[in-house]
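**Q** when you get a sec, could you give me coordinates for this:
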Amino acid sequence: MENDSVVSTSLLDSDVQENILRPKLLNDFQGQVKIKDNLSVFIKAACERNEALDHVFLIGPPGLGKTTLASIIANEMGSEIRMTSAPALDKPKDLAGILTNVSEKSVFFIDEIHRLKPALEEMLYVAMEDFEIDWVIGQGPSARTMRIPIPHFTLIGATTKAGMVSSPLQTRFGINCRIDFYNENELADIIIRSAKILNVKILEDAVLLLAKCSRGTPRIANRLLKRFRDFAEVISNGIITKEVVNIATAKLGIDLNGLEEQDRNILRTIIEYYNGGPVGAETLSISVGEAIESLEDYYEPYLIQKGYLKRTPRGRMVTYKAYELLGLENLIPKSDKDEQFSLF
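**A** A predicted model of the protein is given here:
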């Protein structure tokens, strides 16, 4: 029996509703048009040749659909998918056990692949290129290495930190997909689709408002849709209106730019305690009481994208836009304004 904590043939997310909302085919996947078009070609070509799809590297912030895309690729290929995350793979025998049991042309998905241990990476190099694994038999002077053939499979690696994935591993992926934040129209389509699946009534102007405060992220859009549904059931006969969205965002501390209280706290801390920056990530994470991983993976990408924050060689700095957002224009430093608030 397989150890579910290490590998599972089902989706990692245990939330049943979240699984229901996940699209199963490329045609149902909203946004990321260029990635979908390219994947469609690669998948069709692999199927016509009756081969396993080349290895796929998915890069992007959390919640943009990397796990969903992996599942869609398997569905489009008509293949089995086995899922795990790098932290769950502790020893080479864990990875060897999975690789020796994959089926021909199946998909093996590793989330957070940047956290894979070096010894496991070394094993993956051979598996990805030669579809074999090296295994040591015996101990001491009598030890010898045996190469064990494995079925041709597709490795899909997902990461939020591509820079932390070693170059030898990155170059072994034949297909690279960088997933970007979604625009408001794409999020609106996702919200409408999710509302139909959840049987939630939502008005058009409420859809657009919800899309604006979803941080360009489908996972957040779906999460907010469920919370707004709760408010609608209590105050609006189950219909999500523009007024319901306004009330719910105020109650949840979310503004129409998608910024949460912690986002504003980060910007306010840089302004009030560090004169607008620069400040290092570790110092900032301690100041706001947030793990540095959450700061770098969740908060900073969106703040940078919206133009409130920028990374420099000296550290994090706020922009003039952040002062305007918080109404703290009176705290703008008098000196060096041009350098401090120039936007990229």
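**Q** where does pLDDT dip in the stretch 201-344 of the chain?
**A** Within the stretch 201-344 of the chain, the segments meeting pLDDT under 70 span 335-344.
**Q** so which residues of it form strands?
**A** In order along the chain, the stretch 201-344 of the chain carries the following strands (DSSP state E, counting those that start in this stretch): 201-202, 239-240, 309-312, 315-318.
**Q** do the same with the stretch 51-200 of the chain
**A** Assigned by DSSP E, counting those that start in this stretch, the strands in the stretch 51-200 of the chain fall at 56-59, 81-85, 107-111, 132-137, 144-149, 154-159, 175-178.
**Q** take those and lay them out in CSV including distance to P301.
**A** All C-beta spots, glycine's among them, are computed from the backbone N, C-alpha and C. CSV is the format used below for the strands of the stretch 51-200 of the chain (distance: least, CB to CB, whole Å):
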stretch, distance to P301
strand 56-59, 12
strand 81-85, 20
strand 107-111, 18
strand 132-137, 36
strand 144-149, 41
strand 154-159, 13
strand 175-178, 13
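**Q** out of the ones you listed, which is closest to N199?
**A** Between N199 and the strands of the stretch 51-200 of the chain, the tightest spacing by CB to CB is seen for strand 81-85, at 28.2 Å.
**Q** could you dump the strands of the stretch 201-344 of the chain to a markdown table with mean neighbour count and distance to G163?
**A** Compiled in a markdown table, the strands of the stretch 201-344 of the chain are given as follows (neighbours: other CB atoms under 10 Å; distance: least, CB to CB, whole Å):
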| stretch | mean neighbour count | distance to G163 |
| --- | --- | --- |
| strand 201-202 | 20 | 39 |
| strand 239-240 | 20 | 40 |
| strand 309-312 | 17 | 13 |
| strand 315-318 | 22 | 17 |
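**Q** quick one: which of the ones you listed is nearest F108?
**A** Distances from F108 to each of the strands of the stretch 201-344 of the chain were compared by CB to CB, and the smallest falls on strand 309-312, at 33.8 Å.
**Q** list of residues touching that closest one?
**A** Around strand 309-312, the neighbours that count as contacts under CB atoms under 8 Å, 6 or more residues apart in numbering are 266-267, 270, 277-278, 300, 303-304, 316-319, 322, 343-344.
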